[in-house]
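Participant: here is the input, now give the coordinates:
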Amino acid sequence: MKILPSLLAVTLAFVVFAEAGEPSVFAKEPVHSPFVGGFEDARRPISNPTLFDLAIPQTQLHPIFAYHRLPSSFKTTLGDVPVGGHVEAYAVQLEIALTERLSLNAVKDGYFIFEPDATLSNTEGWGNIGAGLKYALILNHEKQLAVSTQLVYEVPSGSREVFQGEGDGTFIPSLNVLKLHNRWQFANQFGFEIPVDSGAESSTFYNSMNVSYKLTDRIFPMFEVNWFSVLDAGDGGQRFNEQVGGLVPAVATFEGHDLFNFGAANAEDNRHLVTFALGSRARITDRLDLGFAWEFPVTDSDASVIEDRFYFDFVLRF
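Facilitator: Modelled structure (predicted):
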C-alpha cells in the first residue's frame, strides 16, 4: 500500500484543475465569505492539525503529510523499551461553510504507515474518522476578531494495527479564538477529548496556540505551542492485539494525545506533553496557501510517542 501517497497527488491534481478554471468562476468570493473585510490575512495553524483550526467557518480543502519520528525508546512499567523508526500520515481534511457562522468540519481521517525499528510491528492502516460542526459565536470583521465553538465526534473506524478503531468513539468539544492585529495573528484553541467509554480510554485536555507574522504579502512565519494533559487514565485493558499482543495499554506510561488513545492505565505517570512548532505559510494565490513546520517536544520525548514531526500541507479555500 505504498501507493497511498497518491492521496496527495490526486488532491494536488484537483487543485491544479481548480486554479486553471475559468477566472470568472473561481475569482468570485462566495456570498457571506468571512474573508471579505478584515480576515483576508488569516492563516491556518499547521501543527496539531486534527484538533487545531481557525475560528472562522469557511469552505476549504486541507491535504496534509506528516513525517512523525518515534523516540529511540519508550518509558514503560517494564523499563525503557527500544522503538525508534517513524510513522507517515497522509490525510485530507474538508470543511464546508453552511452559513457565514456555521460549518461542517471533517477533521480526522487518512492513512498511517507505521515503521518502528524495534519491538513494535511494521504495519499500515486507516485512521479513525472525526467530524462535527463549528459555529462562530463572534465574527467581527471590523475588529478582526472571531470566537467559535466546535463539537467533533471521532468514530472508531480505523485499523487496530496502527492504534485506531478501539472503543466506542470520542467527543471533542472546543473553543477557538482568532485575533488579527496589524501584521500579527494570535490564535488559541482549547478543548477536551472525552471518550464515550470513559472507563476504558483516557480523557485528555488540550490547548494549542499560534502566533504568526505577515513578513510580506505572501510569507507568514509562525510559532506554535501545543499542550496535552491526561485528565483520567484508561483501564489498561488488552487492545490493539496486532502490536505486542495487545500489551501497550497495560505497560505504556503516557498517552498518544492528538493521534492515538491507548487507554493506558499508567498515563498519569507522564500526564503532560508540551510541543513547540516552527514553520511558515506561503500564500501562492488568494485561495491557496502552502505550509511547512517542524514540531518537537519540550517535555521528555521518551515519555511520549513523539521524537519530532515534520509537516507539509496546503489549504485551498473556496
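
Participant: if you count neighbours, what's buried in stretch 117-133?
Facilitator: For stretch 117-133, a neighbour-count test (16 or more other CB atoms under 10 Å) marks 119-120, 123-132 as buried. All C-beta spots, glycine's among them, are computed from the backbone N, C-alpha and C.

Participant: out of these, flag the one nearest to residue 181.
Facilitator: The closest of those to residue 181 turns out to be residue 132 (CB to CB; 29.1 Å).

Participant: element containing that closest one, please.
Facilitator: For residue 132, the host element (DSSP states H and E) is strand 129-140.

Participant: by contact count, what packs against the next helix or strand after that strand?
Facilitator: The first helix or strand that comes after strand 129-140 along the chain, using DSSP H and E, is strand 145-155. Secondary-structure packing of strand 145-155 (3 or more CB pairs under 8 Å, 6 or more residues apart in numbering; DSSP states H and E): strand 102-108, strand 129-140, strand 170-181.

Participant: dump these into a markdown table; add mean pLDDT and distance to residue 224 as well.
Facilitator: Listed next are these as a markdown table, based on pLDDT from 0 to 100; distance: least, CB to CB, whole Å:
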| stretch | mean pLDDT | distance to residue 224 |
| --- | --- | --- |
| strand 102-108 | 97 | 17 |
| strand 129-140 | 97 | 20 |
| strand 170-181 | 97 | 14 |
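
Participant: out of the ones you listed, nearest to residue 201?
Facilitator: Closest to residue 201 of the helices and strands packed on strand 145-155 is strand 170-181 (CB to CB; 7.2 Å).

Participant: got the contact list for the closest one?
Facilitator: When contacts are defined by CB atoms under 8 Å, 6 or more residues apart in numbering, strand 170-181 is touched by residues 38-39, 41-42, 51, 53-56, 130, 132, 134, 144-154, 185-196, 201, 261.

Participant: among those, the buried ones, what's the ChimeraX command?
Facilitator: Buried residues among the contacts of strand 170-181 (16+ other CB under 10 Å), as a ChimeraX selection:
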select :38,39,41,42,51,53,54,55,56,130,132,134,144,145,146,148,150,152,154,185,187,188,189,190,191,193,194,195,201,261
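
Participant: which residues touch the nearest residue to residue 184 once chain neighbours are set aside?
Facilitator: Excluding its sequence neighbours, the residue lying closest to residue 184 (CB to CB, 6 or more residues apart in numbering) is residue 213, at 5.8 Å. Shown in contact with residue 213 (CB under 8 Å, 6+ apart): 183-185, 220-222.
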